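Asker: Provide a 3D model corresponding to the input given below.
(one chain, ligands or ions: 3)
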Amino acid sequence: MNSSVIEKIDKLGLCLGCGLCESVCGKDAVEMELREDGFIHPKIKKVIPEKEAIINRICPGTNVINDIDFEPNESVWGHVDKLWSGFVTDTEVRTKGSSGGIVSALGIYALRTGLVDGVMQVGGDANDYERNSLRVSYTREDVVKCASSRYAPAHIFTEIFNILDKDKQTYLFIGKPCDISALKNFLNEFPQYKDRFKLTVSIICAGMPSFNGTAAIINEFDAEYPVKDLVYRGNGWPGYFSFKDKKEKLYRKTYNDSWGKVLNRHLKLRCKLCPDGIGIQADIAVGDAWETTDGYPDFAEKDGQSLIISRTSVGSTILRQAESDQFVVLADLAVAKIKLMQPYQFNRRTRLGARLFAFYLRKGVSLNYKNLAIYGNMSYSKPISLLKEFKGTYTRLKKRRNA
Ligand SMILES: Cc1cc2nc3c(=O)[nH]c(=O)nc-3n(C[C@H](O)[C@H](O)[C@H](O)COP(=O)(O)OP(=O)(O)OC[C@H]3O[C@@H](n4cnc5c(N)ncnc54)[C@H](O)[C@@H]3O)c2cc1C
Ligand code: SF4
Ligand code: SF4
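Answerer: Ligands and ions are numbered 1, 2, ... in the order given. This next block holds a predicted model:
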């Protein structure tokens, strides 16, 4: 068998398990599978050189090509057209949502106003937490079912051609920043689908933990399998990681203890080399508008508030409309506030260059990251912090562990 670009990407730890390669190459050539490490990987059955060449250009693991230009003073947070904190007025959606329910609100509002026919978004399965996949939502109820963050892998693009070729429907696409990159790369390669996507919404993302992270939390309890109704957060802000076991007993763990102490130790190498956790390429990026105490985000339970970064006029227009229809409540926010609410994202955007340099020295591979101000942003970081990032990544890659 010829050597496979896809296999190389995967072996380097750069695959995000998005499933684009299964769609492009066909299931008889590449099939996504869940492996023991708790991540979804492409299994190569046949190498088709011309298809592999396409994946080499569009794989989001190696290609992040920002197409929303920003001014020099926007280099850390990307282009900001409008900035708000806010929440949806529908209290069920606000409570179920991860932060202020703004992402779900946008889905419901886009359907209700006829902006799109469907919302492409990730949903889960109440009876099996390993079955996260892309769904098309057509109603408020469909969108609400998908609300809340799943800190785990998902099948995103495995059915993309089947969905798009079925009819001529238009979509709002919701995903992580790397899902938005993947979609944009896909649309550049297959421009015939471009006008089918009217709006993109990105959740702000610090990393995708493996399913082993989820299992590690479940196994801390004396729960009896099978477990069901597992949620990572939501039902409050930030809400609890919770699930029921075979005997319907409910187990819970705080966000700080679940994400902060377990899940974030199960991230992919690629997430540690991520140039964009803040939805730089999306029309709208949404995260947590954490309140801060002593300079650190405060995770005490309260009513959800989203951080909303609108990057395009299309994004700002729909949010303004939703506000005037009293569908959402928005409050202006100063750009300086983002750093207080999202300190991890600030550090990542200003220190990544050091990690990428270590990765290049160890693996001889440089990633196709374009128009992201990665090296310029290092001037916002202290040299000692950059040195620590470099050393940590370099040392861990030597030990063949995730950096
Ligand atoms: C892996 C991961 C890492 C995160 N890291 C951060 C962070 O660093 N900072 C921060 O502020 N917030 C982070 N979040 C939370 C996320 O940004 C919040 O969900 C965001 O504030 C949106 O809240 P909401 O109430 O508006 O969304 P909701 O109304 O709850 O909607 C959430 C949307 O996310 C989609 N979704 C859920 N899980 C996934 C997934 N695995 N892949 C793709 N789409 C998914 C759902 O389909 C839904 O449309 C992370 C979430 C995930 C899944
Ligand atoms: S296209 Fe997606 S699934 Fe395929 S190698 Fe790249 S990240 Fe992995
Ligand atoms: S950290 Fe980056 S690469 Fe990892 S899941 Fe989030 S957006 Fe994707």
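Asker: tell me the residues of the stretch 51-200 of the chain that contact ligand 1?
Answerer: Within the stretch 51-200 of the chain, the positions near ligand 1 by CB under 6 Å from any ligand atom are 97-104, 121-122, 146-151, 154, 174-176, 179. (Each C-beta comes from the backbone N, C-alpha and C, glycine too.)
Asker: show me the contacts for the most centrally placed residue in the chain.
Answerer: In the chain, the residue lying closest to the centroid (CA atoms, centre = their mean) is K176, at 2.1 Å. Neighbouring residues of K176 by CB atoms under 8 Å, 6 or more residues apart in numbering: S202, I203, C205, M208.
Asker: run through the stretch 301-403 of the chain and note the low-pLDDT ranges.
Answerer: Scanning the stretch 301-403 of the chain for pLDDT under 70 picks out 400-403.
Asker: any part of stretch 142-160 near ligand 3?
Answerer: No: using CB under 6 Å from any ligand atom, stretch 142-160 stays clear of ligand 3, coming no nearer than 8.9 Å.
Asker: show me which helix or strand of the protein is least confident by mean pLDDT.
Answerer: The weakest-scoring helix or strand in the chain, judged by mean pLDDT, DSSP states H and E, is strand 296-297 (a mean of 75).
Asker: what's the residue nearest to the centre of the chain sitting at in phi/psi?
Answerer: Main-chain torsions, K176, degrees, to the nearest 10: phi -70, psi 160.
Asker: tell me the SS of I163?
Answerer: helix (DSSP: H, G, I helix; E, B strand; the rest coil).
Asker: so it is in contact with V136, correct?
Answerer: Yes: counting by CB atoms under 8 Å, I163 does reach V136; the two are 6.3 Å apart.
Asker: these two - which one has more neighbours?
Answerer: I163 (19 against 16; other CB atoms under 10 Å).
Asker: ok, that one - contacts?
Answerer: M120, L134, V136.
Asker: kindly reformat these as a markdown table containing pLDDT.
Answerer: As requested, those are arranged in a markdown table below (pLDDT from 0 to 100):
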| residue | pLDDT |
| --- | --- |
| M120 | 98 |
| L134 | 98 |
| V136 | 98 |
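Asker: from these, which single one is nearest ligand 2?
Answerer: Within the contacts of I163, proximity to ligand 2 (CB to the nearest ligand atom) peaks at L134, which comes in at 12.9 Å.
Asker: and that closest one, how many neighbours?
Answerer: As a burial measure, L134 scores 23 neighbours (other CB under 10 Å).
Asker: tell me which helix or strand it sits in.
Answerer: Using DSSP states H and E, L134 maps to strand 133-137.
Asker: likewise for L307?
Answerer: Counting by DSSP H and E, the element that carries L307 is strand 306-310.
Asker: mind listing the strands that strand pairs with, and their directions?
Answerer: strand 82-88 (antiparallel), strand 284-288 (antiparallel) (DSSP bridges).
Asker: closest to ligand 2 out of those strands?
Answerer: Short answer: strand 284-288, nearest of the strands paired with strand 306-310 by CB to the nearest ligand atom, at 20.6 Å.
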